[in-house]
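> Need a 3D model of the following:
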Amino acid sequence: MTVGRQRSFDKELALETAMHVFWQNGYTNTSLVDLTQVMGINKPSLYAAFGNKEQLFISALEQYAQQYVLPTFDLLLTPNLPLEQRLRAYLKSVARLFCQPGLPTGCLIVSSTCEFAGVGMPQTAHQFISNFNEIAKQKLIDFFSMEQTEGNLKSKSPPLALALYLMSINGGIAVLIRDGIPLAELDTMIEHVVQTMY
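Got it, this is the predicted structure:
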């Protein structure tokens, strides 16, 4: 029997677990001990599979974006639905993601962006998050430009302003849900936002 041999583990499950820890605690408040205990592996195995904590965090951010954030954008492009319905479905989907049972509340991207003000966020992670936010902004700019061109959008505001407005609404929803605001109250706010933008 080999002394100290670490049993095999499911890398995808381990990454999912690490993502939840970062989502709940943030980057700076998550230690390697927290990660290895929840992931069920030792430090050498973590380093071998994911690199250091910083690299694991970036992998967790990528996983979060692909699994949770990007699919919500598809709701804005649902064929054969009026813009009003698409905006409502998108915002309600975002709100329900942020308080989904079995998941940490709020948004990993939003909470990580808020960590920029501290000194613990690595520059590479900061850059990844900034790049992702820029991609999200551009997706929304393109979306609103298209809707205005097609005559679906009543608002004559610049697409950039509409994109930043919607991003701020998403961030606000994430913060309010972490603060315990009921979903029913947020749905009322979402309806107001839809009517304002549409």
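
> longest helix anywhere in the chain?
With secondary structure taken from DSSP state H, the chain has its longest helix at helix 123-149.

> And the following helix or strand past that one, how far out from the chain middle?
Moving toward the C-terminus from helix 123-149, the next helix or strand (DSSP states H and E) is helix 159-178. Remark: helix 159-178 is offset 12 Å from the chain centroid, using C-alpha atoms, centre = their mean, to the nearest Å.

> can you pull the buried residues of helix 159-178?
159, 162-163, 165-166, 169-171, 173-174, 176-178 (16 or more other C-beta atoms under 10 Å). The C-beta positions use only the backbone N, C-alpha and C, and glycine is treated the same way.

> Using PDB, list the CA coordinates for it.
Extracted C-alpha coordinates of helix 159-178, given in PDB (Å, rounded to 0.1, in the frame of the first residue of the first chain):
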ATOM      1  CA  PRO A 159     -27.800  51.200 -26.900                       C
ATOM      2  CA  LEU A 160     -24.800  51.800 -24.600                       C
ATOM      3  CA  ALA A 161     -26.900  53.500 -22.000                       C
ATOM      4  CA  LEU A 162     -29.600  50.800 -22.200                       C
ATOM      5  CA  ALA A 163     -26.900  48.100 -21.900                       C
ATOM      6  CA  LEU A 164     -25.300  49.700 -18.800                       C
ATOM      7  CA  TYR A 165     -28.800  50.300 -17.300                       C
ATOM      8  CA  LEU A 166     -29.700  46.600 -17.700                       C
ATOM      9  CA  MET A 167     -26.300  45.500 -16.200                       C
ATOM     10  CA  SER A 168     -26.900  47.800 -13.200                       C
ATOM     11  CA  ILE A 169     -30.400  46.200 -12.700                       C
ATOM     12  CA  ASN A 170     -28.800  42.800 -12.800                       C
ATOM     13  CA  GLY A 171     -26.200  43.800 -10.200                       C
ATOM     14  CA  GLY A 172     -28.800  45.400  -8.100                       C
ATOM     15  CA  ILE A 173     -31.000  42.300  -8.100                       C
ATOM     16  CA  ALA A 174     -28.000  40.200  -7.000                       C
ATOM     17  CA  VAL A 175     -27.300  42.500  -4.100                       C
ATOM     18  CA  LEU A 176     -31.000  42.700  -3.000                       C
ATOM     19  CA  ILE A 177     -31.400  39.000  -3.100                       C
ATOM     20  CA  ARG A 178     -28.300  38.500  -0.900                       C
END
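
> helices and strands around it, which ones?
Packing partners of helix 159-178 (3 or more C-beta pairs under 8 Å, 6 or more residues apart in numbering; DSSP states H and E): helix 83-98, helix 108-114, helix 123-149, helix 183-197.

> Show me which of these has the highest average neighbour count.
Compared across the helices and strands packed on helix 159-178, helix 108-114 shows the largest average neighbour count, a mean of 21 (mean count of other C-beta atoms under 10 Å).

> CA-only coordinates of that one in CSV, if you can.
Extracted C-alpha coordinates of helix 108-114, given in CSV (Å, rounded to 0.1, in the frame of the first residue of the first chain):
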residue,chain,number,x,y,z
LEU,A,108,-20.4,35.3,-8.4
ILE,A,109,-19.5,37.8,-11.1
VAL,A,110,-21.1,40.7,-9.3
SER,A,111,-19.7,39.8,-5.9
SER,A,112,-16.2,39.3,-7.5
THR,A,113,-16.5,42.7,-9.2
CYS,A,114,-17.2,44.2,-5.8
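
> Much appreciated, bye for now.
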